[in-house]
Each structure stands twice: as C-alpha cells, then as structure tokens.
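**Q** with the input below, show me the fold.
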Amino acid sequence: MRFYSTPILAASFLLSAISSPASSKGLPPAQALEKSAYDLGRLLDLGLAANPATRAAWFQARAASAAVGQSRAPYFPRIAASFEGGSDRWYTPAANAPDNFRREQATVVLSLEFLLLDFGRRAADVQRTLAAFDAAGLTYERKLQRVAFDIQRRYFAHEASICRQESARALVAAASTAADTVQKEGASGLSAAPERLAAQKNLLEAESELASAGALVRTTLGDLCVAVGLPANAPLMLARSDLPASTAGLREKAGKLIETALAARPDLAARPDLAARPDLAARAADVRSREAATRRARADFLPEIRLEGKYAYSALAYDARADKTQGSYSEGINGYGAFLVAKWDLFDGFERAEKLRKTKAEELAAREDLGQARLDASQDVWAACQDSLSAASRVGAAEGLVASAQENFDAARAAYESGLSSVAEFSGAAGQLALSRSHRAAAVADYSTSLAAVAFAAGLPPTLEKVKSR
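**A** Next up is the predicted model:
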C-alpha cells in the first residue's frame, strides 16, 4: 500500500539519483503536470532531478573536480610564445656625438619553465583539492537525501490534510442531516428550540472545520510543490492512495529498520572516513583538506628549484649614423639560453610562520567540529528512532480508536433504524467516526515522516525488503 510503503521506499530513488548527475532537462511544463498524476516515487524522481538545491550542489561538485585538475597543472612544464615587432628612432650618447639610428625589428620568443623540486608544495595542493572534491561530492549526496526527506515530509502532511478534509465533509454531512431532521421534528412539535439551535451550531462548526481543512490542503500542496522545485501555484496532480485497515505489519518491519539505523549510527570510535552519513564524511574530507593546507604551509619554508630556457629569433634592419659615418644594416639573429634557478626566501617578516600557525589552528578546529558533528549525528539518530517508536504507538492507538468508533457507529445506526435512538445520537456517532479517521490519518502521517527521519538521520535509507533480508 503506497501510503505506508513510500516512507522507506525512497531509498531506491536516492541510490539511483546519487550515482548520476542532476538532470539538465529542467521542470516539466504545466500542461504535463495537469495531465499526469504523481505518486511519491515520481515526485522524488522529479525533485532529485530538477530541484535547484540539488542542481546547485551538482555544479559545485563539478567546480571542485575542475579545481583538482587545476592543482595538477604545476607538474607540467610551462611553455609560452611571444612576438614583438615594430619600428623606432633613437640615439646612443657618445663622447664625440650621439649615435643616431632608426630600426625595424621583429622578434619571436619561445620560453620554457619547469619546476623540478618544490619539497611537497604541489603534492599538498593536489591533496587539498582532492579532499575538497570528495567533500563536494558527499555534500551533493547529502543534499539529495535532504531534498528527498523534505519531499516525503510534505507529501505525508498533504495526504493527512486530504484525510482531514474528507473527515470534515463527513462531519458536515452528518451535522446537516441532524439539523434537517431536528428542523422537521420541530415543525411537528417533536423537538424543542434548544435542540434546533444546538444542531445548527454543530453544522456551522462542521462547515468551519471543512473550510479550514480545505485551506490546509491548498497550503500543504503549495509546500509540496516548492519542495519538489515547482512554483507554489503549479497545477500538480497527485495519485490517491487508500488507508489500510491496520499498519501492524509495517510497524513490525519498520522496527528492524530502526535496529539497523541504531547499529549504523555515527560513533566517535568509528573512523571518520567510514561515517555512514555523507555530511559527516564531507567533514572528514574537510579535515584532510586542512591537513594538506598545513603541509603546504610548511613546504613554503623550503626552496624551489626550476629549469628555465628561452629561444628567440630576431629579424632586424636599421640605419645608423655616428659623426660622419653612416650605413644601413640587416640581419637575423638566433638567441637561446638555459638556466637552473634556485629561489629561497630567507626572511619575509614572519609571514610564512604566521600562515603556518593559521592553517594548523584551522586544522585543529576542523577536527573538533567533526567530533561535535558526530556527537550531534548520533543524537539525531537516537532521537529519530525514539520519535518513530512513539509515533508507532500513536498509530496503534489511533487505529484502536477508529475500530471502537466504527463499532459505536454500527450500533448507533442499527438503533436508529430500529427507532431506539435519536438522529442526534446517530449523527454524533458518525461525527466521532469521521474525527477518529482524521486523527488516524494524522498519526500515520507523523509515523511515516518519523520513518523517513530515521533514514535521513542515519544516512543509510534501506528498503523494507532489505531490512527483512538482514
């Protein structure tokens, strides 16, 4: 039954979406939304592909991937070419008279620079960008999980509001029937004015509840559209699903999910790079990035050794005059050179020392932040599991109330049809049945959301079938 199976079924959509980039096709047109009814599975598929938050996280991961390639560039030689050409007229001062000249010259230069030894600078830069890339990918994965959880949460709230609206309609129908019956009995002298006023009051209260329920349906639908990545007023159509008689079987299977989540919860004794939740693994990657930055700052204290080479060809022609001597000349000259260059900054006003202190402090701060995040994550999983257990008990109690209200309604209907009870008692029983169904729908929505919260908090959302197989 979709209403109950979808809170954990979202795992399959998460796993498939995490392994591929966000779709570039964008959102479907309004006409397509109006022609197709979306269940939770299709909403997850649409939201993970087109939600701006997931797409932004994907492009950030792509930018981090490009940064890795950029950090590897210093391992290759730098080759540059330049050209300079033109004409000028000038002089060279001499003892007897200035030497005047006018020349035309064109020069092509090809230069090469290769860093031979940097004592770990390049390696640290590459490791830092690789760690940042890992963090960006893990952040993207967690963003997908967060968007999926938000879609589930709002979907369950919307379904609960629909059930509340249906219950309010049943209340209005029961109150309207009671008011009409009391009105007819009043006309024949079988009911008093207080009974008619009470029946009219009940009808007005039921109509007010129906109006509030309708507004809530529209509000929750707008929230769901925004969670998917659609405008709040998008004409989104949802597939309807019916409530089963009991959720006992699901609650029993979901208990195994809770056990799995508690067993896999983030723990301080575990290695940071094996953390189940992507956001914790991203923080561990950030720690590795800070460590690489510290190594880079230490390497700045050591020299750099480079190989530099240059080749140039210059074609020139000039006219020159020195005192009474003058002439015109032209020539093509090949020039080249190769050098081994060592550079070592011996003193820089303590800039490198302060930079090392800064990067080391940032590394230690990142480590402490990771430890705190792991504690918080452990608390999140524990609290989500306890909330789910509490929500499961409320669902069981709500289903018991529905069963009791159904029995009371059946008895009231039989008594009314036999003339042993009044229409007010019969309509009251119908109203209690509608209210109990509304409460059950709200309890089921809370329970479904709590299951999704358990999966989100643990970072490992398995399906019910996977839990059963374990």
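**Q** going by C-alpha atoms from here, please, whenever you check contacts or count neighbours.
**A** Will do.
**Q** quick one: pLDDT of residue 202?
**A** Residue 202 is assigned 80 on the pLDDT scale.
**Q** which of the helices or strands spans the closest residue to residue 81 other than its chain neighbours?
**A** Excluding the flanking residues, the one nearest residue 81 by C-alpha to C-alpha, 6 or more residues apart in numbering is residue 110, at 4.6 Å. In the assignment (DSSP states H and E), residue 110 maps to strand 99-117.
**Q** check which helices and strands the next helix or strand after that strand is in contact with.
**A** Sequence-wise, the next helix or strand downstream of strand 99-117 (DSSP H and E) is helix 121-187. When contacts are defined as 3 or more C-alpha pairs under 8 Å, 6 or more residues apart in numbering; DSSP states H and E, helix 121-187 sits against helix 2-18, helix 40-50, helix 52-71, helix 193-228, helix 278-299, helix 423-458.
**Q** what would those look like in JSON lines with mean neighbour count and distance to residue 148?
**A** Shown next, in JSON lines, are the helices and strands packed on helix 121-187 (neighbours: other C-alpha atoms under 10 Å; distance: least, C-alpha to C-alpha, whole Å):
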{"stretch": "helix 2-18", "mean neighbour count": "19", "distance to residue 148": "7"}
{"stretch": "helix 40-50", "mean neighbour count": "22", "distance to residue 148": "6"}
{"stretch": "helix 52-71", "mean neighbour count": "18", "distance to residue 148": "10"}
{"stretch": "helix 193-228", "mean neighbour count": "19", "distance to residue 148": "9"}
{"stretch": "helix 278-299", "mean neighbour count": "24", "distance to residue 148": "14"}
{"stretch": "helix 423-458", "mean neighbour count": "24", "distance to residue 148": "9"}
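**Q** now these as a markdown table including distance to residue 151?
**A** Shown next, in a markdown table, are the helices and strands packed on helix 121-187 (distance: least, C-alpha to C-alpha, whole Å):
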| stretch | distance to residue 151 |
| --- | --- |
| helix 2-18 | 10 |
| helix 40-50 | 7 |
| helix 52-71 | 13 |
| helix 193-228 | 5 |
| helix 278-299 | 19 |
| helix 423-458 | 10 |
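**Q** my read: residue 86 touches residue 102, true?
**A** No. Look at residue 86 against residue 102 with C-alpha atoms under 8 Å: they stay out of range, at 11.0 Å.
**Q** neighbour count winner among those two?
**A** residue 102 (15 against 10; other C-alpha atoms under 10 Å).
**Q** ok, and the closest non-adjacent residue to the more buried one?
**A** residue 89 (4.2 Å).
**Q** need the outlier residue of this protein, farthest from its centre.
**A** Using C-alpha atoms, centre = their mean, the residue of the chain lying farthest from its centre is residue 324. It sits 83.4 Å away.
**Q** what's near enough to touch it?
**A** Residues near residue 324 by C-alpha atoms under 8 Å, 6 or more residues apart in numbering: none.
**Q** ok, residues contacting stretch 53-70?
**A** Contact with stretch 53-70 is made by 21-23, 48-49, 126, 129-130, 132-133, 136-137, 139-140, 143-144, 147, as judged by C-alpha under 8 Å, 6+ apart.
**Q** excluding chain neighbours, what is closest to residue 210?
**A** Closest residue in space to residue 210, ignoring its immediate chain neighbours: residue 168 at 4.8 Å, by C-alpha to C-alpha, 6+ apart.
**Q** with residue 426 instead?
**A** For residue 426, the closest residue by C-alpha to C-alpha, 6+ apart turns out to be residue 412, at 5.2 Å.
**Q** over to residue 338. Which of the three states is it?
**A** strand (DSSP: H, G, I helix; E, B strand; the rest coil).
**Q** give me the nearest residue to it, chain neighbours excluded.
**A** In space, residue 338 comes closest to residue 309 once its chain neighbours are excluded; the distance is 4.2 Å by C-alpha to C-alpha, 6+ apart.
**Q** how much space separates that neighbour from residue 427?
**A** Distance of residue 309 to residue 427, given as C-alpha to C-alpha, to the nearest Å: 98 Å.
**Q** report the distance from the helix or strand that contains residue 392 to the chain centre.
**A** Assigned by DSSP H and E, residue 392 falls within helix 351-417. Put simply, helix 351-417 sits 19 Å off its chain's centre (C-alpha atoms, centre = their mean, to the nearest Å).
**Q** over to stretch 340-356?
**A** 42 Å.
**Q** could you do stretch 37-53 as well?
**A** Its chain's C-alpha centre and that of stretch 37-53 lie 13 Å apart, by C-alpha atoms, centre = their mean.
**Q** could I get the average pLDDT for it?
**A** For stretch 37-53, mean pLDDT is 84.
**Q** equivalent analysis for stretch 220-237, please.
**A** Mean predicted confidence for stretch 220-237 is 89.
**Q** next: stretch 293-303.
**A** 94.
**Q** could I get the contacting residues of the closest residue to residue 76 other than its chain neighbours?
**A** Distance criterion C-alpha to C-alpha, 6+ apart; nearest residue to residue 76, sequence neighbours excluded, is residue 114 at 7.0 Å. Residue 114 makes contacts with 76, 77, 78, 306, 307, 308, as judged by C-alpha under 8 Å, 6+ apart.
**Q** quick one: which of the residues you listed is nearest residue 177?
**A** Lowest distance from residue 177 to the contacts of residue 114 (C-alpha to C-alpha) belongs to residue 76, with 86.1 Å.
**Q** against residue 112, how distant is that closest one?
**A** 11 Å.
**Q** now do the contacts for the nearest residue to residue 195 once chain neighbours are set aside.
**A** Among residues not flanking residue 195 along the chain, residue 182 sits closest, at 7.1 Å (C-alpha to C-alpha, 6+ apart). Neighbouring residues of residue 182 by C-alpha under 8 Å, 6+ apart: 191, 195, 196, 199, 423.
**Q** check residue 102 too.
**A** 87, 88, 89, 90, 318, 319, 320.
**Q** also residue 294?
**A** Contacts of residue 294 were listed using C-alpha under 8 Å, 6+ apart, and they are 356, 359, 360, 363.
**Q** now stretch 228-243, how far from the chain's geometric center?
**A** With C-alpha atoms, centre = their mean as the basis, stretch 228-243 stands 20 Å off its chain's centre.
**Q** do you know how far the residue most central in space within the chain is from residue 456?
**A** The residue lying closest to the centre of the chain (C-alpha atoms, centre = their mean) is residue 143, at 1.8 Å. Distance of residue 143 to residue 456, computed by C-alpha to C-alpha: 11 Å.
**Q** nothing else from me, thank you.
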